[in-house]
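J.: Give me a model of this one.
(one chain, ligands or ions: 2)
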Amino acid sequence: MSHMTYNAHEYIGAIHIHSHYSDGTGSVEEIARAASELGLDYIILTDHNTLRAKDEGAEKFYDGTLLIVGYEINDKKNQNHYLALRVDKTLPTRLNASEYVQKIAEAGGFGFIAHPHEKRDSMKEHPPYPWTAWDCPNITGIEIWNHMSEWMENLTEQNKYEAFLHPLRTIESPAAETLQKWDELSLSHRVVGIGGVDAHAHKVNVMGIFEVEVFPYKVLFKSIRTHILTDLKFVITDKPEDIFQARSILLNSLESGNCFVANDYLYNSYGFRFYARVDTKFYSMGCSLPLQNGIRFFVEVPAGSITIKLIRNGKITAVSEQRSYVFECTEAGVYRIEVYYMNKPWIFSNHIHIEE
Ligand SMILES: [Zn+2]
Ligand SMILES: [Zn+2]
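T.: Ligands and ions are numbered 1, 2, ... in the order given. Presented below is the predicted three-dimensional model:
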């Protein structure tokens, strides 16, 4: 059980990024610069099977943006991609998914299933890499929205020019299948949902017609973001101990699920809140508390023209169009919020667990 104050600090960032240390095209410096120009508070680099950026001292602030280094691991068939965070060394790719999920946890790290239901088939050189190891216990998190997967899945012969010119406009919604799986897994233990951009800035030949960069990091960083809420504020400095402290604050809150995912290209979601309150105690997203009298859920949304859906155990239990919404909670369950802006999927909160 945990509770936190309502006056949480909100840090906005992008997770799941590839640099030229694996199959991305940008340098760490270029990627960090793109993020800081957009005012992001943090970014998490996840190159395939390497922590080289970390080993070279790249974990630091770049004009106010903290760069954190994790990595993306896969099994020997290059399936079951998993984003490993708070780890100091990489694991061999001969392990199977259950083994690396376990070993990452044992090493004090945590992770997220990457692009769990990927189906893209528009480019032969980029086949889908869905998650298949669903029997794997101890999964700590899941990427509920992956920009790159969705973009490729939405690509058609008719929209390809539009899609390449405006890579943010074809992004619509997390996959229903993924949200359903996430709710299902959450019934037994906390599974944190994050948004991933899967940025590579690939050069791709489009159906034999033209070659383009798909797409600049700076464009991708405008859309699917993970907002982390914390009790603690960090300082932006060059001192290693302060950098370590900032990294810990963000990763601990992310691991605890004190975060939400939003398509900020649609509208800036800064200021969104979903929490439970009992008397003077506040319980943020990611928290658990026992069922008791007087639990109320509060939702605050930083825009009008919205629809709020309260989801309990995977089913919609209440809908509101008010920016500020209060709901009496009388049943145990796993609760989360979806917000639609002008009828478009916009904000996805993490769960609050009300225990029997
Ligand atoms: Zn992947
Ligand atoms: Zn990736």
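J.: Neighbours of the closest residue to ligand 1 within the chain, how many?
T.: Using CB to the ion, the single residue of the chain nearest to ligand 1 is His81, 3.5 Å away. (Each C-beta comes from the backbone N, C-alpha and C, glycine too.) Look at His81: counted by other CB atoms under 10 Å, it has 24 neighbours.
J.: Tell me how far the nearest residue to it once chain neighbours are set aside lies from Ser22.
T.: Leaving aside its chain neighbours, His81 sits nearest to Ala114 (4.0 Å; criterion: CB to CB, 6 or more residues apart in numbering). As judged by CB to CB, to the nearest Å, Ala114 and Ser22 stand 13 Å apart.
J.: so what sits against both of the two?
T.: Residues touching both Ala114 and Ser22 by CB atoms under 8 Å, 6 or more residues apart in numbering: Glu72.
J.: Give me the more crowded residue out of those two.
T.: Ala114 (26 against 16).
J.: contacts for the host helix or strand of Glu328?
T.: Counting by DSSP states H and E, the element that carries Glu328 is strand 324-329. Identification of contacts with strand 324-329 by CB under 8 Å, 6+ apart yields 276, 291, 295-301, 308, 310, 318, 335, 354.
J.: Mind picking the two most distant members of those?
T.: Leu291 and Val301 (25.9 Å; CB to CB).
J.: Just want to know which of these two has more residues nearby.
T.: Val301 (25 against 13).
J.: Where do the strands of the stretch 1-150 of the chain begin and end?
T.: Assigned by DSSP state E, counting those that start in this stretch, the stretch 1-150 of the chain shows strands spanning 9-17, 42-48, 61-62, 65-73, 82-85, 110-113, 141-146.
J.: would JSON lines of the ones you listed with mean pLDDT be doable?
T.: Formatted as JSON lines, the strands of the stretch 1-150 of the chain follow (pLDDT from 0 to 100):
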{"stretch": "strand 9-17", "mean pLDDT": "97"}
{"stretch": "strand 42-48", "mean pLDDT": "98"}
{"stretch": "strand 61-62", "mean pLDDT": "98"}
{"stretch": "strand 65-73", "mean pLDDT": "98"}
{"stretch": "strand 82-85", "mean pLDDT": "98"}
{"stretch": "strand 110-113", "mean pLDDT": "98"}
{"stretch": "strand 141-146", "mean pLDDT": "96"}
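J.: Nearest approach to Phe260 belongs to which of the ones you listed?
T.: The nearest among the strands of the stretch 1-150 of the chain, by CB to CB, is strand 9-17 at 9.5 Å.
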